[in-house]
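Output the structure for:
(chains A and B)
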Amino acid sequence: MSMFGMEPLVIGDDILDIGSRKAVDRYCGNKAQIGLSQDLLMGRPGAFDVPNVKDPALYCSSHFRSTCGTGDAGQEIKFAKGTTTLAFKFNGGIIVSVDSRATQGNYISSQTVKKVIEMNPYLLGTMAGGAADCSYWERRLNLQCRMYELRNGRRITVAAASKLLAGTMASYRGYGLSMGTMITGWDETGPQLYYVDDDGTRLKGKMFSVGSGSTFAYGVLDNYYREDLTLEEAIDLGKRAIYHATHRDAASGGINNLYHVTKDGWVKIHAIDVNDMHYEFEEEKRNEMSS
Amino acid sequence: MDTVIGVQYKDGVIIAADQANARSILIYQSNLDKIKQLTSHSAMGVSGPNCDLVQFTEYISKNLQLYELRHEGTKLSTKAQANFCRNELAVALRKGPYQVSALLGGFDLTTQKPSLYYLDYMGTLQKVPFGAQGYAQYFTLSTMDREYRENLDETAALDIIGKAIHELQSRFLIKQNNFIIKVIDQDGVRVHSQGADPADT
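All right, here's what the predicted structure looks like:
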């Protein structure tokens, strides 16, 4: 519904309505194709252009796919990917621990990627898979969370935030998005941890690890995890799990960024180079063996 | 890889499903509840990707709820619910298919009769006395064919489910430790047993 019967301007005046029912209703009449989700409206704030071909989904997934290993060898553009991220709940809150390496094919494009996205002081998102996909969609989720806060006068729950992201991923199914993320935070129901995937999977759990190095991280996590870990033990576990994953997985490495989520929000605990950890643990083993 | 098994008996329906969510070689979670309650007296055990499972069952159950709200609390029969599901699957098939295969079980309070429906991702619908989805079909249908009779009681039906699960755990390559079993009868939908607590998250 527009004031005085005039059509709204295309850019800017309706930016505050992004994601609301009003915006959807306003743009619904302009939809060129039946069956497109609202996210795919073209040329509107918060919407996308897709390639002007018969099957945009197929085109995107075959030319812009971000896959593990050398699955994207034939593509002109190879996207940054490969990682280890993990998060687990324990009695003292949630530990989120990630590496910081980005690879493009066999090239290490960066050792200093921020794979934990600080959405608001109470909500964190991790990044695994396509770096572009993760950072874009999680920043967009951040916008939606902020709009929710402004409209409803209270912070969004982690369940709702992860549901928004999962719904977005579900509507872009088949387009070749690559994103495996964990949405975590502390809301009025306590500490929550959700895993959200590029194919729309959304799982609530106590412990997840995502990325090419996740199996290595799980090995350490599963064997040493207990619910009653102390904070020091939990931080140590998160640190070691990432270290072991970066040691064995070529696509993971760099710096271990570790966060702790408490009821007062998240706190960044440390940023330690995994290379330094290697020598620290080696010395520790040497000391243990000699004593 | 999901397993869903269902058996109808004289006074109700039993549906069992495995509780794992896996991708490639990793098990992400092993305490999932794949038997989603639709109305007070019906539930659907679903196999398929987690996304479709959630999106489809939530869409169906909310629409069934909306129908009740709009029509002064009239509850849809299980047959009507199953046909609604089938129609949604068929419509979505040529646009963006829901890759779910389900067993919908319900108890009609008006006729005091239970019923079980087999639903496929291609829009198949069939009323069946017992059924299975996924690889479980290959392992369990013969056991159920052998054991099923008309007018079973709850214990006998649970026994059939037990035998089916036992066969899967002996012969199926994929280890499925945890099963959740739900009973739908005159009193509604209740959990009979579960391998792992879905609320333990």
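
my guess is A:Q75 contacts A:F64, does it?
Yes: between A:Q75 and A:F64 there is a contact at 7.4 Å, judged by Cβ atoms under 8 Å. C-beta here means a position set from N, CA and C on the backbone, and glycine is covered the same way.

quick one, which of the two is more surrounded?
When neighbours are counted by other Cβ atoms under 10 Å in any protein chain shown, A:Q75 and A:F64 differ, and A:F64 comes out ahead with 21 against 15.

Those residues of chain A touching chain B, which are they?
A:35, A:166, A:169-170, A:173-174, A:193, A:195, A:197, A:199-206, A:208, A:214-215, A:218 (Cβ under 8 Å from any Cβ of the partner chain).

how many other residues sit next to A:Y136?
Residues contacting A:Y136 under the criterion other Cβ under 10 Å number 13.

center of chain B, which residue is that?
Nearest residue to the geometric centre of chain B (Cα atoms, centre = their mean): B:G45, 2.2 Å.

Report how many residues lie close to the residue in chain B that chain A sits nearest to.
At 2.8 Å from chain A, B:C51 is the closest residue in chain B, using Cβ to the nearest Cβ. B:C51 is flanked by 23 other residues according to other Cβ under 10 Å.

about what we covered before: confirm that the residue nearest to the centre of chain B sits in a strand.
Yes: under DSSP: H, G, I helix; E, B strand; the rest coil, B:G45 falls within a strand.

Low-confidence bits of chain A, can you list those?
In the prediction, chain A carries residues with pLDDT under 70 at positions A:1-50, A:65-73, A:76-81.

For ChimeraX, what selects the buried ones among the residues of chain A next to chain B?
Buried residues within the residues of chain A next to chain B, by 16 or more other Cβ atoms under 10 Å in any protein chain shown, are selected in ChimeraX with:
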select /A:166,169,170,173,193,195,197,199,200,201,202,203,204,205,206,208,214,215,218
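
Going along the chain, name the helices of the chain.
As the question left the chain open, I've gone with chain A. Along chain A, the segments classed as helices by DSSP state H run A:21-28, A:56-63, A:131-152, A:158-171, A:214-224, A:231-248, A:274-290.

Please refer instead to chain B.
B:50-70, B:78-93, B:136-147, B:154-171.

For those, give me a markdown table that also has mean pLDDT and distance to B:I5.
Listed next are the helices of chain B as a markdown table, based on pLDDT from 0 to 100; distance: least, Cβ to Cβ, whole Å:
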| stretch | mean pLDDT | distance to B:I5 |
| --- | --- | --- |
| helix B:50-70 | 96 | 16 |
| helix B:78-93 | 96 | 17 |
| helix B:136-147 | 96 | 6 |
| helix B:154-171 | 96 | 5 |
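
who wins for proximity to B:Y9 among the ones you listed?
For B:Y9, the closest of these is helix B:154-171, at 3.8 Å, according to Cβ to Cβ.

Restricted to strands, list the residues of chain A next to chain B.
Here DSSP state E is the test, and the residues of chain A next to chain B give A:193, A:195, A:197, A:202-204, A:208 as lying in strands.

got CSV for the helices of chain B, with distance to A:A128 too?
Converted to CSV, the helices of chain B look like this (distance: least, Cβ to Cβ, whole Å):
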stretch, distance to A:A128
helix B:50-70, 17
helix B:78-93, 29
helix B:136-147, 32
helix B:154-171, 33
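
which stretch among those comes nearest A:M289?
helix B:154-171 (42.6 Å).

I'd like to know which elements the closest one is packed against.
Applying 3 or more Cβ pairs under 8 Å, 6 or more residues apart in numbering or on different chains; DSSP states H and E, we find helix B:154-171 packed against strand B:4-9, strand B:12-18, helix B:136-147, strand B:179-185.

which other residues reach that helix?
Contacts with helix B:154-171, where a contact means Cβ atoms under 8 Å, 6 or more residues apart in numbering or on different chains, come from B:3, B:5, B:7-9, B:11-12, B:14, B:16, B:130, B:132, B:136, B:139-140, B:143-144, B:147-149, B:152, B:175-177, B:179, B:181, B:183, B:185, B:192.

which one is the residue in the stretch 51-200 of chain A positioned nearest to chain B nearest to, not counting chain neighbours?
Of all residues in the stretch 51-200 of chain A, A:G200 sits closest to chain B, at 2.8 Å by Cβ to the nearest Cβ. Closest residue to A:G200 apart from its sequence neighbours, by Cβ to Cβ, 6 or more residues apart in numbering or on different chains: B:C51 at 2.8 Å.

Equivalent analysis for B:T74, please.
Per Cβ to Cβ, 6+ apart, closest to B:T74 is B:E68, 6.6 Å.

And the one you found, how close does it get to B:A102?
Distance of B:E68 to B:A102, computed by Cβ to Cβ, to the nearest Å: 21 Å.

Between the two, which is the more surrounded one?
Neighbour tally, B:E68 and B:A102, criterion other Cβ under 10 Å: the higher count belongs to B:A102, 33 against 15.

Please verify my assumption that that one contacts B:A43.
No: taking contacts as Cβ under 8 Å, B:A102 lies outside contact range of B:A43: 10.0 Å.

before we move on, the earlier item: could you flag which of the contacts of helix B:154-171 are buried?
B:3, B:5, B:7-9, B:11-12, B:14, B:16, B:130, B:132, B:136, B:139-140, B:143-144, B:147-148, B:152, B:176, B:179, B:181, B:183, B:185.

hang on, the earlier thing: isn't the residue nearest to A:G200 right up against A:R173?
Yes: if you go by Cβ under 8 Å, B:C51 and A:R173 touch, sitting 7.2 Å apart.

Excluding chain neighbours, give the residue nearest to A:Y218 in space.
Nearest residue to A:Y218 in three dimensions, chain neighbours excluded: A:S209, at 5.2 Å (Cβ to Cβ, 6+ apart).

who's in contact with the one you found?
Contacts for A:S209 (Cβ under 8 Å, 6+ apart) come out as A:84-87, A:217-218, A:221, A:241, A:245.

Which residues of chain B lie near chain A?
Selection of chain B residues close to chain A by Cβ under 8 Å from any Cβ yields B:21, B:23, B:25-26, B:28-29, B:32, B:49-52, B:54-55, B:95-96, B:200-201.

Select only the buried ones of those residues in PyMOL?
The PyMOL selection below is limited to those of those classed as buried (16+ other Cβ under 10 Å):
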select buried, chain B and resi 21+28+29+32+49+50+51+52+54+55+201
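
Among the residues of chain B next to chain A, name the ones in strands.
Judged by DSSP E, strands contain the following of these: B:21, B:23, B:26, B:28-29.

and the least confident of those residues?
Within these, B:R23 has the lowest pLDDT, namely 85.

got the contact list for that residue?
B:R23 neighbours (Cβ under 8 Å, 6+ apart): A:T201.

ok, it to B:M1 distance?
Distance of B:R23 to B:M1, given as Cβ to Cβ: 10 Å.

Repeat that for A:S62.
Applying Cβ to Cβ to A:S62 and B:M1 gives a distance of 26 Å.

Now residue 61: closest residue in space that isn't a chain neighbour?
Unless you meant another one, I'm taking chain A. That would be A:G176: by Cβ to Cβ, 6+ apart, it lies 3.0 Å from A:S61.

Chain B was what I was after
Closest to B:S61 by Cβ to Cβ, 6+ apart is B:L38, at 4.6 Å.
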